[in-house]
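> I would like to see how this sequence folds:
(one chain, ligands or ions: 1)
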Amino acid sequence: MSDDLFTDQHDYLRVHFAEQNLYANYHYFWLRHHCPCCIHPTTKEHMLCPAQVSLEIKPQRIAATDAGLHLTWPDGHQSTFAIDWLYEHRYSRDEDLTQIAAQDLNRIEVQYEDCADELVSACHYYLRERGAILVRACPLDAEQLIARFTTRDFIIRGTHFGEIEDLKTDNTTNQNTDQLGYTNSAVDLHTDQPYIENPPRFQLLQCVEKADTGGESLIADARQAAYYLRDLDYHAFEVLSETPIVFHRQQQNFESKVTYPILSFNSGKFAQIRSSYFTYAPQHMAFDKMEQWYRAYQKFTRIVVESAHQFKFLLEPGDFVLYDNFTVLHGRTSFTGPRWMKGIYFDLAIE
Ligand SMILES: [Fe+2]
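The predicted structure follows:
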């Protein structure tokens, strides 16, 4: 049996039964529970209780051998599953679950000189198809970028920070700078301004100065993660799609509060994510619903923070990243030094 007959999907194992030409998916916790050697030596009864297996368990190593699939678990325990046994006990539907595309930076990265004349068209394409575009070595300053974008399809969107944000620790140009973006702290994955009725659709971040250490940018595809969650755990998906959450931004000179679910759909199609851990108000919901929401939120977050599911890159002076604030999450690592990003929000002129 060769290695390409199984794939590690991060949260589960997908096996291809070549003889029958079908696929089946197995949760790792299910495989650990059914380890063939964890039985009583004489009675052959199961010795593992389902309650003893962590739902988060994941093998450190998976290999195809002549005896079947060989899994090595984090505590060193090893399990070998005969292919015939896996086939006999398959329980998932024979269909593809949503996959999250491998976050190869080539999927979003372009050189300015390769698309200079078609910059806005290129941005449209990448935003629609990938949710983000990373443009390297762009000679245009923030005002010139605005001029390019606003002659075509985009309109600049002023917010309570102003029109161009100088995201740096010693900011003197913006209003309402009492928030994480203006510090050198890490800002984990989030969307911008989920606490207002109509959050800006796109954000462009242009690097003026990079940090001495740290300050890497993070991007995760929330739309794919939401579909992935739907296939992996429909109940969690429903909870995040249907539970209204209060977002509350309280600053010295600004306050806004709205109530929306994390995930919004329109006629079954993903429409928008609102997510920012620093603006969740204390929520009011039935006692049993509270735990359900936390479980669902944690499951979704584990998907988006999985390193294979997110882009991580360093913006150099002259680079910019532009992303869809409705479909991707963004963040940055903590930093030292003079990191300075110019931030501009855009909406589409015609939705
Ligand atoms: Fe942000």
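> which stretches of the stretch 1-150 of the chain have low pLDDT?
Residues of the stretch 1-150 of the chain that meet the criterion pLDDT under 70 lie in 1-3, 93-95.
> try 90
1-11, 18-23, 46, 92-104 (pLDDT under 90).
> can you give me the helices for it?
28-33, 83-88, 112-115, 119-130, 142-150 (DSSP state H, counting those that start in this stretch).
> buried ones in the last one?
Okay, so that is helix 142-150. Of all the residues in helix 142-150, those buried under the rule 16 or more other CB atoms under 10 Å are 142, 145, 146, 148, 149. To be clear about C-beta, it is placed using only N, CA and C from the backbone, and glycine gets the same treatment.
> any idea how the chain splits into domains?
Here the chain is described, according to automatic domain parsing, as comprising the domains 3-88, 98-351.
> could you pull out the strands for the stretch 201-350 of the chain?
202-209, 213-214, 217-221, 245-251, 254-260, 263-266, 269-273, 310-313, 320-324, 328-332, 335-336, 340-348 (DSSP state E, counting those that start in this stretch).
> will you turn those into a markdown table that also has mean neighbour count?
Compiled in a markdown table, these are given as follows (neighbours: other CB atoms under 10 Å):
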| stretch | mean neighbour count |
| --- | --- |
| strand 202-209 | 21 |
| strand 213-214 | 14 |
| strand 217-221 | 23 |
| strand 245-251 | 17 |
| strand 254-260 | 15 |
| strand 263-266 | 16 |
| strand 269-273 | 17 |
| strand 310-313 | 19 |
| strand 320-324 | 24 |
| strand 328-332 | 24 |
| strand 335-336 | 15 |
| strand 340-348 | 20 |
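> In JSON lines, list those strands along with distance to residue 86 and mean pLDDT.
Formatted as JSON lines, the strands of the stretch 201-350 of the chain follow (distance: least, CB to CB, whole Å; pLDDT from 0 to 100):
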{"stretch": "strand 202-209", "distance to residue 86": "45", "mean pLDDT": "97"}
{"stretch": "strand 213-214", "distance to residue 86": "44", "mean pLDDT": "96"}
{"stretch": "strand 217-221", "distance to residue 86": "31", "mean pLDDT": "96"}
{"stretch": "strand 245-251", "distance to residue 86": "40", "mean pLDDT": "92"}
{"stretch": "strand 254-260", "distance to residue 86": "42", "mean pLDDT": "94"}
{"stretch": "strand 263-266", "distance to residue 86": "33", "mean pLDDT": "95"}
{"stretch": "strand 269-273", "distance to residue 86": "33", "mean pLDDT": "95"}
{"stretch": "strand 310-313", "distance to residue 86": "31", "mean pLDDT": "94"}
{"stretch": "strand 320-324", "distance to residue 86": "40", "mean pLDDT": "98"}
{"stretch": "strand 328-332", "distance to residue 86": "35", "mean pLDDT": "96"}
{"stretch": "strand 335-336", "distance to residue 86": "47", "mean pLDDT": "94"}
{"stretch": "strand 340-348", "distance to residue 86": "48", "mean pLDDT": "94"}
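> Strands of the stretch 1-150 of the chain, start to end?
Assigned by DSSP E, counting those that start in this stretch, the strands in the stretch 1-150 of the chain fall at 6-8, 12-17, 22-27, 61-65, 68-72, 78-81, 109-111, 132-136.
> Of the ones you listed, which is nearest residue 198?
Residue 198 lies closest to strand 132-136 among these, at 20.6 Å (CB to CB).
> quick one: that closest one to strand 217-221, angle?
On the basis of axes from the mean of the first three to the mean of the last three CA atoms, to 10 degrees, strand 132-136 is oriented at 150 degrees to strand 217-221.
> Return the list of helices and strands in contact with strand 132-136.
strand 109-111, helix 112-115, helix 119-130, strand 310-313, strand 320-324 (3 or more CB pairs under 8 Å, 6 or more residues apart in numbering; DSSP states H and E).
> Show me what it pairs with in its sheet, parallel or antiparallel.
Next to strand 132-136 in the sheet, as set by DSSP bridges, lie strand 109-111 (parallel), strand 320-324 (antiparallel).
> ok, residues contacting that strand?
105, 108-112, 115, 119, 122-123, 126-127, 219, 311, 313, 315-316, 318-324, 328 (CB atoms under 8 Å, 6 or more residues apart in numbering).
> hmm, try it at 6 Å
108-112, 123, 126, 219, 319-323, 328 (CB atoms under 6 Å, 6 or more residues apart in numbering).
> Residue 72: which of those is nearest?
residue 219 (32.2 Å).
> Next one: residue 52 relative to residue 32, how far apart?
When CB to CB, to the nearest Å is the yardstick, residue 52 and residue 32 sit 9 Å from each other.
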